[in-house]
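Enquirer: Build me a model from this:
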Amino acid sequence: MTTETISDRQLEIIEAAGKILTDSGVSGLTIKNLAKEMKFSESAIYRHFTSKEEIIIALLEYLAQSMDERYSNAIKSEHTPEEKFTLLFQNQFNFFNKNPHFVVAVFSDGLMEESQKINETISKIMSVKMKHLLPIITEGQQKSIFTNSIASEELMHIVMGTFRLQMYKWRVANFQFDIIRNGNNLIQSLLTIIKSN
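Expert: Reported below is the predicted structural model:
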């Protein structure tokens, strides 16, 4: 399922599922609660998705596809590695600021225990990020803008882990701080750390 193949109704269901995940966690996300949230019958939900697992996977697949498209559109070849790095993460913070339920979907307690398929889809989201971030870091190192004292893959893991912690803190704080401002500060701090002296 891609952003092209998902129907408007399926997207509505995914967004309603994200709202329930945000408010009530994984245990609160049931077909019954989803039908109630959408003022649908349960059978109307089942016409679009066969199970709760399928809804969660569709939500995560939609996020992975959306990230891939947004990053491809935001980053242009003429940008410097620093500009690409900044745009990649600003794009992410702006998207999550408008759609916090996607953060919840990735960081929900218990979600990873739900099924192997869900785990694989969460891994796909990380792969999309790596696909876009690694070439930026590699280019920055080749141009001696970013440090070469750490291998590009290791540098990518450090950067991703730092941003992941920031998103997790925002989630745990119930989205109570300004993720755009904090995110921009984090981008600048990381650039300071990874740039060559």
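Enquirer: Residue 15 against residue 101, yeah?
Expert: Yes: counting by CB atoms under 8 Å, residue 15 touches residue 101, with 6.8 Å between them. Yep, even glycine has a C-beta here, placed from its N, CA and C like the rest.
Enquirer: Looking at these two, which is more packed in?
Expert: Taking neighbours as other CB atoms under 10 Å, residue 15 and residue 101 compare with residue 101 leading, 19 against 16.
Enquirer: How about that one: what's its closest non-neighbour residue?
Expert: Leaving out its chain neighbours, the residue that sits closest to residue 101 by CB to CB, 6 or more residues apart in numbering is residue 18, at 2.7 Å.
Enquirer: does that neighbour sit in a helix or strand, and which one?
Expert: Per DSSP states H and E: residue 18 is located in helix 8-28.
Enquirer: Now do the buried residues in whichever helix or strand comes after that helix.
Expert: Remark: after helix 8-28, the chain's next helix or strand is helix 31-38, criterion DSSP H and E. With burial defined by 16 or more other CB atoms under 10 Å, the residues of helix 31-38 counted as buried are 31, 33-35, 37-38.
Enquirer: so what secondary structure elements neighbour helix 31-38?
Expert: When contacts are defined as 3 or more CB pairs under 8 Å, 6 or more residues apart in numbering; DSSP states H and E, helix 31-38 sits against helix 8-28, helix 42-46.
Enquirer: Relative to the whole chain's centre, how far out is it?
Expert: Here helix 31-38 is found 24 Å from its chain centre; the criterion is CA atoms, centre = their mean, to the nearest Å.
Enquirer: was I right about residue 196 contacting residue 145?
Expert: Yes: the criterion here is CB under 8 Å, and residue 196 meets it with residue 145 at 6.4 Å.
Enquirer: Which one's more surrounded, those two?
Expert: residue 145 (17 against 12).
Enquirer: what's near enough to touch that one?
Expert: Contact analysis of residue 145 by CB atoms under 8 Å, 6 or more residues apart in numbering lists 80-82, 195-196.
Enquirer: Let me know the helix or strand that residue 182 is in.
Expert: Residue-wise, residue 182 maps onto helix 179-194 under DSSP H and E.
Enquirer: any idea of the mean pLDDT for that helix?
Expert: Taken as a whole, helix 179-194 has a mean pLDDT of 96.
Enquirer: what helices or strands is that helix leaning on?
Expert: Where contact means 3+ CB pairs under 8 Å, 6+ apart, helix 179-194 is packed against helix 81-98, helix 152-172.
Enquirer: Out of those helices, which is closest to residue 53?
Expert: Distance to residue 53, taken as CB to CB, is lowest for helix 152-172 among these, at 21.5 Å.
Enquirer: Now tell me what touches the closest one from outside.
Expert: Taking CB under 8 Å, 6+ apart as the rule, helix 152-172 contacts 89, 92, 96, 100, 103-104, 106-107, 126, 129-130, 133-134, 137-138, 141, 146-147, 150, 177, 179, 182-183, 186, 190, 194.
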